[in-house]
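> Starting from these lines, generate the structure:
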Amino acid sequence: MEINHFSHYHRLVLLDQETGTDQSPKHYCSGCEEAVEGSTYGCGNCCFFLHKKCAELPGEINHPIHRQHPLVLSVRNSGRFICKLCRRRPKGFAYHCSSCQFDLDIRCATHPQLVAEDFQKLQHFSHDHPLIFVQNIDFVNKKKNCSGCQRCMSSPFYCCLDCRFYLHKKCAELSPKNKITHHTHQKHPLFLLAKLPPLHHDMNYKGFVYYCSICEFGIPIRYTFVHEHQLEVVEETSTDESAKSSCSRCKEQVQESTSYSCGKCRFFIHKQCAELPLEVSHPFHLQHPLIFHDDTWRKCNVCLKGNQFGYQCTSCEFNLDIRCAMHPHFVAGDLQKLQHFSHDHPLIFVEDIHEIKRKEDVCSGCQEPMSTPFYCCPNCKFYLHKKCAETELPLEINHPSHRKHPLFRLAKSPPHQEKCSCYLCKKSYKGFVYYCSLCEFGFKAADAFLQTVITKIHEHPLTPFLTTNPFICNACGTGEYQFSFPYICSQCSLMFHKDCVSLSRSIKITRHHHRLSHIYFFQEKEAKERECNICHDEVNVEYGSYCCSKCNYFAHVNCAIDEDLLEEDEEEESKLSASDDLTGDISCAFTVIKPGEIKHFAHEHNLIFSDRGVKDGQSCEGCMRPIATSFYYCEDCDFFIHEGCAKLKKKGRHWGSKHSMELFFYIIFRCTYCWFWNSGFGYKCDEFDSTMCSRCHEILDSCTVERHEHPLFFDHKYEGTCCGCGFKFRRGFRCKDKKCKFAIHYRCLVLPNTARYKYDDNHSLALTFHDDHHRSQCYCDICEEDRDPNRWFYHCADCDVSAHPYCVLRESPYVKLGKPFRYAGHHQHPVTFVKIDFNPPKCNECDRPCRDKLAIRCTESDCNYISHWDWYCLSPGDILHRDL
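Below you'll find the model as predicted:
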């Protein structure tokens with residue numbers, strides 16, 4: 001059967017439901033944008049498909065929610081349609097009224113509730129027209145707010161389509177006859193109004209308000225909705241659950257004070273945070289009152305931390321988070337102030353607030369990162385360390401480095417010419433300086449009073465040498481021109497950068513298992529180049545470096561002392577090293593029962609050693625890769641594990657982490673490094689709440705891969721494009737050959753060499769690194785999008801099939817399917833992971849088909865529960881799921 005359809009210039013053929021590839025889920029209906037299923041019209045030449053029901057839609061309808069004019073079926077034109085009901089931009093068909101510019105996508109236009117006029121109407125006090133109740137349509141435009149509470153719209157809701165007026169169901173059901181008593185205004189009851197009276201021109205409130213006409217006091221209804229569920233009072237003697245929880249507003253733990261909690265969704269809020277005033281007059285900003293906000297992430301002008309909840313002055317862009325706004329000393333006006341030469345306003349002393357860790361927030365005096373205690377001017381965002389603010393700097397000095405003229409103290413360096421290469425311009429220094437305007441010469445105020453120092457790096461005292469001539473530092477081997485005055489040891493004829501005098505004689509870094517010792521030179525009997533094992537550039541052995549004499553390991557000083565690699569606390573490091581040097585049953589993940597038989601922590605039965613082959617399709621329970629070498633297996637269960645995976649250490653250090661990592665065995669977890677979902681073994685670091693799969697864990701910081709001719713090394717400062725997938729990334733592997741621009745991140749590095757796709761069981765797809773065809777001939781056979789011939793892809797030479805790696809693998813190539821486990825709090829029965837390709841049931845959470853993606857399904861035969869395994873349906877990202 002063939003038809004002509006206005007949306008396509010070729011005739012469309014009716015395809016039988018059982019027509020092989022024509023019913024492939026990779027094809028979508030051009031009308032409703034959903035995957036083609038059932039009877040479908042299609043044009044094979046153009047890959048154009050229409051559901052039979054979409055092809056037979058009437059060209060013109062009279063719709064009950066727009067009776068003024070008929071609606072005409074149209075095809076989108078550059079996305080100009082926006083559905084008046086769900087606010088969606090349809091890419092397929094829509095019903096359109098050109099006179100009123102009124103649009104409905106076909107899903108809303110054909111919704112049974114609306115077509116049958118089976119919708120509830122409400123005459124609301126806030127609007128002139130009746131509102132229509134909409135229940136089973138997703139509202140997709142997150143920029144559209146409810147006219148009542150001013151929060152983002154969501155279903156169910158009431159609406160007036162002609163006026164674009166929307167109300168949440170709970171907002172629409174509020175009655176103006178109801179009155180409330182609020183903690184911010186306990187004198188009189190508050191009554192509901194559609195908007196604030198006009199006399200309050202200074203209050204920027206929108207939406208519904210509760211109002212007291214006697215006191216002319218108003219509060220938006222959004223601030224009366226602390227939480228959607230009933231809250232219970234939790235006293236100071238809290239449960240173990242609340243002891244680990246934090247307040248949803250101030251982010252502090254809730255166990256030390258009375259709070260409210262919701263048993264359904266682990267919501268906690270301090271009593272004092274729930275009862276915050278809506279408006280305060282604060283000593284830090286006396287010009288205007290500060291208004292409470294809870295809608296946008298803002299940075300506090302005092303503590304420099306960001307928070308969604310706080311107080312703001314929209315006129316001055318002044319913000320305070322809750323902790324600073326409600327701090328007892330600040331509220332009481334008990335402020336220590338200082339009038340400093342570098343700023344016009346008095347500075348306020350801030351001491352007992354949380355620690356500041358943001359490196360981009362620096363002291364205006366020394367340009368070092370901020371830390372408590374400090375002085376600040378919150379309105380000007382001006383900050384000084386306590387030491388910088390209280391140090392008395394003379395106004396004028398005579399300095400040996402510049403004998404022509406005196407140097408004057410300035411709060412910052414004056415502007416120089418654009419290409420100036422003096423000390424201050426090279427360093428882009430903006431802090432306190434001593435300066436000669438006649439010679440345009442200056443230096444940091446801290447360098448004006450250098451003294452002889454005794455350091456760990458050298459046995460003799462070091463004396464400042466007041467010269468601006470260039471030199472090479474004997475401690476680190478790098479040159480510096482007019483960046484700072486050097487220190488010298490006249491006995492040893494050594495010169496040091498100011499920053500290098502504080503170097504340690506020995507350090508511990510994450511990249512090497514022994515301590516590194518500092519040396520000033522390294523003598524060799526034969527000419528040989530030494531390579532830094534971190535950046536892999538040459539090390540000049542005539543100058544200082546760090547080395548390990550046991551392993552012949554060398555590193556540049558500046559590479560070794562990088563904060564991402566250097567162990568900060570030597571004492572703590574020694575404790576961790578001792579704890580990680582585990583022996584016997586503590587470090588080992590298994591116990592030897594007898595030769596060839598072990599008891600592993602990941603399995604309840606004993607495991608037997610074997611070096612024989614296994615059946616095709618068997619994979620290791622630890623790394624989820626096929627078993628081809630010696631392994632352990634269980635005689636009672638279908639459990640196999642590589643010998644190498646069985647011998648993984650239960651606890652240890654990884655070259656990429658400063659903290660100890662512990663081995664675990666979970667049914668599923670997300671690897672922080674490659675970002676794949678995994679089953680089996682992994683390592684977790686509780687300090688940073690990170691996890692690493694066993695495949696990423698076995699990769700060394702210097703490695704070779706068969707996909708590239710040169711060796712690679714891990715560069716923690718690299719920022720660029722991955723040669724495997726073309727995505728931008730930070731911190732990854734790049735080529736040791738400086739002429740080669742090859743770089744790759746973890747996700748592409750752990751891709752399997754071969755993979756299978758669900759529609760091709762006969763052949764494996766091989767990972768391929770370059771396509772010699774012209775770009776116009778390169779496309780993915782799965783998603784049918786263009787494919788970059790210079791990026792990696794999977795290819796089957798027998799079938800001539802090529803596809804993007806992630807179209808083949810998705811996000812869960814290493815997840816164990818079919819293994820029952822319990823997902824506590826979401827379903828009462830055991831569930832298992834599944835991937836459904838054909839005739840997928842609909843998800844119980846979002847009502848979308850569970851096709852192609854990872855899902856969990858109930859193992860009980862009489863229970864039909866199934867759900868997508870993603871953030872929209874289950875929010876699995878916050879939890880590691882142990883095999884129960």
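> which residue is nearest the centroid of this structure?
Centroid-nearest residue in the chain, with C-alpha atoms, centre = their mean: Thr672, separated by 10.4 Å.
> Who are the contact partners of it?
Ser690, Thr691, Met692 (C-beta atoms under 8 Å, 6 or more residues apart in numbering). Glycine gets a C-beta too; all of them are placed from N, C-alpha and C.
> Looks to me like the last one is in a strand.
Yes. Read with DSSP: H, G, I helix; E, B strand; the rest coil, Met692 is one of the residues of a strand.
> wait, doesn't it sit right on Trp675?
No. Met692 is beyond contact range of Trp675, at 11.3 Å (criterion: C-beta atoms under 8 Å).
> And those two? Which one has more around it.
Between Met692 and Trp675, counted using other C-beta atoms under 10 Å, the more crowded position is Met692 (25 against 12).
> ok, and the closest non-adjacent residue to the more buried one?
Closest residue in space to Met692, ignoring its immediate chain neighbours: Tyr683 at 4.7 Å, by C-beta to C-beta, 6 or more residues apart in numbering.
> where exactly do the helices run in the stretch 651-800 of the chain?
Chain-ordered helices for the stretch 651-800 of the chain, with DSSP state H, counting those that start in this stretch as the definition, fall at 694-697, 746-749.
> One more: the stretch 151-300 of the chain?
Assigned by DSSP H, counting those that start in this stretch, the stretch 151-300 of the chain shows helices spanning 169-172, 240-243, 271-274.
> hey, what's the closest residue to Ser545 other than its chain neighbours bridged with?
If you skip the residues right next to it in sequence, Ser545 has Val539 as its closest partner in space, 5.3 Å away by C-beta to C-beta, 6+ apart. Assessed by DSSP bridges, Val539 has beta-bridge partners Arg530.
> can I assume Val539 is in contact with His556?
Yes. In this structure, Val539 sits in contact with His556. The criterion is C-beta under 8 Å, and the distance is 6.2 Å.
> Mind listing the shared neighbours of these two?
Gly477, Cys532, Ser545.
> so where's the stretch 601-750 of the chain uncertain?
Confidence mapping of the stretch 601-750 of the chain against pLDDT under 70 gives the ranges 613-617.
> among the helices of the stretch 151-300 of the chain, which gets the worst mean confidence?
Per-stretch averages of pLDDT across the helices of the stretch 151-300 of the chain put helix 240-243 at the bottom, with a mean of 54.
> Out of all residues in the protein, which is the farthest from the middle?
In the chain, counting by C-alpha atoms, centre = their mean, Lys404 sits farthest out from the average C-alpha position, at 55.0 Å.
> May I ask which helix or strand encompasses it?
In this assignment (DSSP states H and E), Lys404 forms part of strand 402-410.
> what helices or strands is that strand leaning on?
strand 396-399, strand 433-436, strand 441-444 (3 or more C-beta pairs under 8 Å, 6 or more residues apart in numbering; DSSP states H and E).
> mind saving the C-alpha coords of the first one as CSV?
Extracted as CSV, the C-alpha positions of strand 396-399 are listed here (Å, rounded to 0.1, in the frame of the first residue of the first chain):
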residue,chain,number,x,y,z
GLU,A,396,59.4,55.6,52.0
ILE,A,397,62.5,53.5,52.0
ASN,A,398,66.0,53.7,50.6
HIS,A,399,67.0,50.3,49.1
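> all helices of the stretch 451-600 of the chain, in order?
Secondary structure of the stretch 451-600 of the chain, counting by DSSP H, counting those that start in this stretch: helices at 557-560, 570-580, 584-587.
> weakest of these by average pLDDT?
By mean pLDDT, the lowest-scoring of the helices of the stretch 451-600 of the chain turns out to be helix 570-580, with a mean of 45.
> thinking again about what came up before, Lys739 versus the residue farthest from the centre of the chain, what's the distance?
To Lys739, Lys404 is 48 Å away according to C-beta to C-beta, to the nearest Å.
> do Gln312 as well
From Gln312 over to Lys739 (counting by C-beta to C-beta), the distance is 53 Å.
> what does Asn307 give?
Distance check for Asn307 against Lys739: by C-beta to C-beta, it reads 48 Å.
> Between those two, which has more neighbouring residues?
Neighbour tally, Asn307 and Lys739, criterion other C-beta under 10 Å: the higher count belongs to Asn307, 21 against 6.
> residues contacting that one?
Contacts here follow C-beta under 8 Å, 6+ apart; on that basis Asn307 touches Lys251, Trp297, Arg298, Cys300, Asp321, Ile322.
> Enumerate the beta-bridge partners assigned to it.
Arg298.
> Can you check what pLDDT the model gives it?
In the prediction, the pLDDT value recorded for Asn307 is 74.
> what about the helices in the stretch 301-450 of the chain?
With DSSP H, counting those that start in this stretch as the criterion, the stretch 301-450 of the chain has helices at 322-325, 328-331, 386-390, 423-426.
> Please tabulate those in TSV and include mean neighbour count, mean pLDDT and distance to His168 as additional columns.
As requested, the helices of the stretch 301-450 of the chain are exported to TSV (neighbours: other C-beta atoms under 10 Å; pLDDT from 0 to 100; distance: least, C-beta to C-beta, whole Å):
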stretch	mean neighbour count	mean pLDDT	distance to His168
helix 322-325	24	83	26
helix 328-331	14	79	35
helix 386-390	17	91	49
helix 423-426	19	62	57
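> Now do the strands in the stretch 351-500 of the chain.
Ranges of strands in the stretch 351-500 of the chain, per DSSP state E, counting those that start in this stretch, are 374-377, 382-385, 396-399, 402-410, 433-436, 441-444, 463-464, 471-472, 479-480, 487-489, 494-496.
> ok, the residue lying closest to Cys212 once chain neighbours are set aside to Leu196 distance?
Using C-beta to C-beta, 6+ apart and skipping the chain neighbours, the partner closest in space to Cys212 is His188 (4.8 Å). For His188, the distance to Leu196 equals 17 Å [C-beta to C-beta].
> what does Phe590 give?
For Phe590, the distance to Leu196 (C-beta to C-beta) stands at 69 Å.
> Between His188 and Leu196, tell me which one has more neighbours.
Leu196 (20 against 13).
> Just the buried residues of the helix or strand where Ser74 lies, please?
Using DSSP H and E, the element containing Ser74 is strand 66-75. Burial within strand 66-75, assessed by neighbour count using 16 or more other C-beta atoms under 10 Å, is assigned to His66, Leu71, Leu73, Ser74, Val75.
> Stretch 594-605 too?
By neighbour count, with 16+ other C-beta under 10 Å as the criterion, the buried positions of stretch 594-605 are Ile598, His600, Ala602, His603.
> Would you mind confirming that the second one is in contact with Cys588?
Right, the one you point to is His600. No. If you go by C-beta under 8 Å, His600 and Cys588 don't touch, sitting 9.7 Å apart.
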